[in-house]
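Engineer: Coordinates for the following, if possible.
(chains A and B)
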Amino acid sequence: MTAAIVVEDLSKRYELGELQRETQLRDQLVNFLRAPFRRHAPKEIIWALRNVSFSVEEGEVVGIIGRNGAGKSTLLKILSKITFPTSGRVRTRGRVASLLEVGTGFHEELTGRENVFLNGSILGMKKREVDTKLDAIIAFAGVERFIDTPIKRYSSGMRLRLGFAVAAHLEPDVLIVDEVLAVGDAGFQKKCISAMQDLRGGGRTVLFVSHNMAAVENLCSRGIWIANGGVRLDGATHEVIEAYMGTFSSPGSTASDLGTAEGRRGGGEIRYARIEFLSTEGELQSFVRAGKGIVIRLHYRADEPIERPSFGLKITTELGTVVTDTSTWLHGLDIPRVPPGDGHVDLEIDSLNLLPGRYLTSLWINSCVRPHLYDALENAVHLEVEEAPIYGSSRPIDSRYGVVFFPQRWRLEGIGAGSPIAVSSAANG
Amino acid sequence: MSEWLSEVWRAREILYFLAWRDVKVRYKQAVLGLAWAVLQPLFTMLIFTFFFGRLARIPSEGVPYPLFSYSALVLWTYFAVTLSQVGNSLISNSSLITKIYFPRVLLPGAAALGGLLDLAVSSVFLVGMLLYYRISPRWTLLLTPIFVLQTVLLVLGVGMLLAAVNVRYRDVKYTIPFLTQIGLFVTPIIYPVTFLPTRFQGWLALNPMTGIVDGFRACLFGGHVDRTVLACSWIMTLALLLVGSLHFRSTERVFADIV
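Structural biologist: Residues are numbered from 1 along each chain as shown, chains lettered A, B, ... in the order given. Next up, the predicted model:
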């Protein structure tokens, strides 16, 4: 078995000072004249990747998981030869196609057909290849009627479908995919996943980065967990996913869990310490039921007095669709001053109309008076919504039926009552 | 080096598609379409003819002044406009550079290629002018593509150098219009080389476009051309091409990080 991808001791360093360095030649000259011998000390060094090593055999489908900021995208960029390692080596065998974004190179003024050729060529297909696959690509995207219209007239969904259709018809030896499943509606995501499943047969090597654990579990035989720029775990998908999910806090857990959460950003002057789910009577819950009232209590600790903060919370599905994004600021609440010490804010939801399933919660605290982030925890907490007789029937209800439900009822009195509208062709009046 | 060249050769279709994209986008929804390719040098020629040809009475070596200036403007317009496009080719395609890999040199290459269409259109008008002024064709007409090639190489050399520097220092893009403005006057477009006092003529030869424009005009109208000027021009062109591509290649690795 030959190795399709070999990564040896890969490291990538970014100097934050470089990003802020003078981008105007005249400013550089002025600085130089002021202090000719002063070396420009970099503000901060970030190791996006540190001594990463692994190899992937031909035909393996590997899922790469990890928190945001762990280094997954940097790894993919290096594998795609977009950026170069600071040290270490990468070797790939065969034609490599990277999907870091859907519709790379799309130009608004060109028609769908023209963009298929452009995008296909950039992704590595020869014109002849695109010619033969053109009809299949258009059919996959479902844009036959609009294929000769400039894509600036397309909806974002159509653009996405077209971009993915081109990518789905690539036939590389090695395919690298970066979270492109995170966008698009549920129907589109299902289509993408089944396209990926088709890609699996055929000895193709696939490297797949995603936050969608269900998709990773489904498609990949092996998982690599990247954390803080290094490989944390490398093994059978199921085990790696379980270990990874174990680091997410669950409601009701102790303060230390949120305290050591990975991928945490922000200044830290005030931080979330703990999250609790309470019933409307104030009792601690370890799970929540669909349709019930709930209080989300966010405990914080402030190291100094904080002026006019805003507390925010976001709930997303596992696939990344945002269900709701709320904050004290959005509610017009002004919090003049938070004294140093511990405390909590409560979010009272009258009725949690989420269908049963697993959701992720993100939290943040930012300032209303200046652009400053105090604390941000992306996808830090699980939210398990349990089943409940939502519609008063004993029929089982789960996430197949959508994301939210509304208080509702069906009325059947109109059955067999005839139609009030006369069926005539003079309907233009 | 050879593997880089073979990589570029394998990716040549992308070059074509990028150039095609630029041209298509330029002329979509443009009512006058390709006519713009002629209008710019044409109007410049008319203004020059009035101010420099008629009023200032600048000599034009036996050739009618409009033809004299237009023939040089055909090449100069290509150079000036394309230099700006090549110089900005990396910045304007920053989203491509950060998302997908292909040999980065295709971006300046596509910009240089795209400009050739405009050149072709303005050349057609030049042929029309030659016929109008009853200039008898010479065998040297067949040599004109050599000067076009030289212009392409020059614009690639200078352009790649500027493009690579522009990624890091954004004010480079402001120097390009400035350079082309100066270039218009230090190249014998408005005037023939002989118009200058002899002690300055040598300096003019340092400008690679001098040899190109002079040689191009000589191919069309006959007349003497100084071989040392031509040689100087080729040396400068190749030197700039070398410097430009070397610098481009050495900074290529960090484009995606800083663009």
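Engineer: and residue A:137, what pLDDT?
Structural biologist: At residue A:137, the predicted lDDT confidence score is 91.
Engineer: what residue ranges in the stretch 201-350 of chain A score low on pLDDT?
Structural biologist: Residues of the stretch 201-350 of chain A that meet the criterion pLDDT under 70 lie in A:201-202, A:248-263, A:286-287.
Engineer: Which residue would be the closest one in it to chain B?
Structural biologist: Nearest residue of the stretch 201-350 of chain A to chain B, counting by C-beta to the nearest C-beta: residue A:209, 14.2 Å away. Quick note: C-beta positions are derived from backbone N, CA and C, even for glycine.
Engineer: Quick check: that residue touching residue A:72?
Structural biologist: Yes. At 5.0 Å, residue A:209 and residue A:72 qualify as touching, with contact defined as C-beta atoms under 8 Å.
Engineer: shared neighbours, the two?
Structural biologist: Taking C-beta atoms under 8 Å, 6 or more residues apart in numbering or on different chains as the contact definition, residue A:209 and residue A:72 share the neighbouring residues A:64-65, A:178.
Engineer: Okay, now the unreliable bits of the stretch 151-259 of chain B?
Structural biologist: For the stretch 151-259 of chain B, no range has pLDDT under 70.
Engineer: How about it: which residue is closest to chain A?
Structural biologist: The stretch 151-259 of chain B approaches chain A most closely through residue B:169 (4.1 Å), counting by C-beta to the nearest C-beta.
Engineer: How many residues are close by that residue?
Structural biologist: Taking other C-beta atoms under 10 Å in any protein chain shown as the criterion, the count of residues near residue B:169 is 16.
Engineer: likewise residue B:202?
Structural biologist: Neighbourhood size, residue B:202 [other C-beta under 10 Å]: 12.
Engineer: Same question for the one 10 residues further on.
Structural biologist: Burial measure for residue B:212: 27 neighbouring residues, criterion other C-beta under 10 Å.
Engineer: now do the one 10 residues further on
Structural biologist: The tally of other residues near residue B:222 (other C-beta under 10 Å) stands at 15.
Engineer: Show me the residue sitting in the middle of chain B in space.
Structural biologist: The centroid of chain B falls nearest to residue B:79 when counting by C-alpha atoms, centre = their mean (1.8 Å).
Engineer: For the stretch 201-350 of chain A, which segments count as helices?
Structural biologist: A:213-219, A:237-245, A:255-259 (DSSP state H, counting those that start in this stretch).
Engineer: To residue B:67, which of those helices lies closest?
Structural biologist: Residue B:67 lies closest to helix A:213-219 among the helices of the stretch 201-350 of chain A, at 68.0 Å (C-beta to C-beta).
Engineer: Mind giving me the packing neighbours of the closest one?
Structural biologist: Packing contacts for helix A:213-219, counted by 3 or more C-beta pairs under 8 Å, 6 or more residues apart in numbering or on different chains; DSSP states H and E, involve strand A:61-65, helix A:186-200, strand A:205-209, helix A:237-245.
Engineer: Convert the C-alpha atoms of the strand or helix carrying residue B:185 to PDB, please.
Structural biologist: Under the criterion DSSP states H and E, the helix or strand holding residue B:185 is helix B:172-186. Once non-C-alpha atoms are left out, helix B:172-186 reads as follows in PDB (Å, rounded to 0.1, in the frame of the first residue of the first chain):
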ATOM      1  CA  VAL B 172       3.500  50.500  -5.500                       C
ATOM      2  CA  LYS B 173       0.300  50.600  -7.400                       C
ATOM      3  CA  TYR B 174       0.400  54.400  -7.300                       C
ATOM      4  CA  THR B 175       3.800  54.500  -8.900                       C
ATOM      5  CA  ILE B 176       2.600  52.800 -12.000                       C
ATOM      6  CA  PRO B 177       0.600  55.700 -13.500                       C
ATOM      7  CA  PHE B 178       3.400  57.900 -12.600                       C
ATOM      8  CA  LEU B 179       5.900  55.700 -14.400                       C
ATOM      9  CA  THR B 180       3.800  55.500 -17.500                       C
ATOM     10  CA  GLN B 181       3.300  59.300 -17.500                       C
ATOM     11  CA  ILE B 182       7.000  59.900 -17.500                       C
ATOM     12  CA  GLY B 183       7.600  57.100 -19.900                       C
ATOM     13  CA  LEU B 184       5.300  58.800 -22.400                       C
ATOM     14  CA  PHE B 185       7.800  61.600 -22.600                       C
ATOM     15  CA  VAL B 186      11.100  59.800 -22.400                       C
END
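Engineer: can you pull the buried residues of that helix?
Structural biologist: Buried residues in helix B:172-186, defined by neighbour count with 16 or more other C-beta atoms under 10 Å in any protein chain shown: B:172-173, B:176, B:180, B:183-184.
Engineer: Could you save the residues you listed as TSV and add columns showing distance to chain A?
Structural biologist: Converted to TSV, the buried residues of helix B:172-186 look like this (distance: C-beta to the nearest C-beta, whole Å):
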residue	distance to chain A
B:172	7
B:173	11
B:176	13
B:180	19
B:183	20
B:184	24
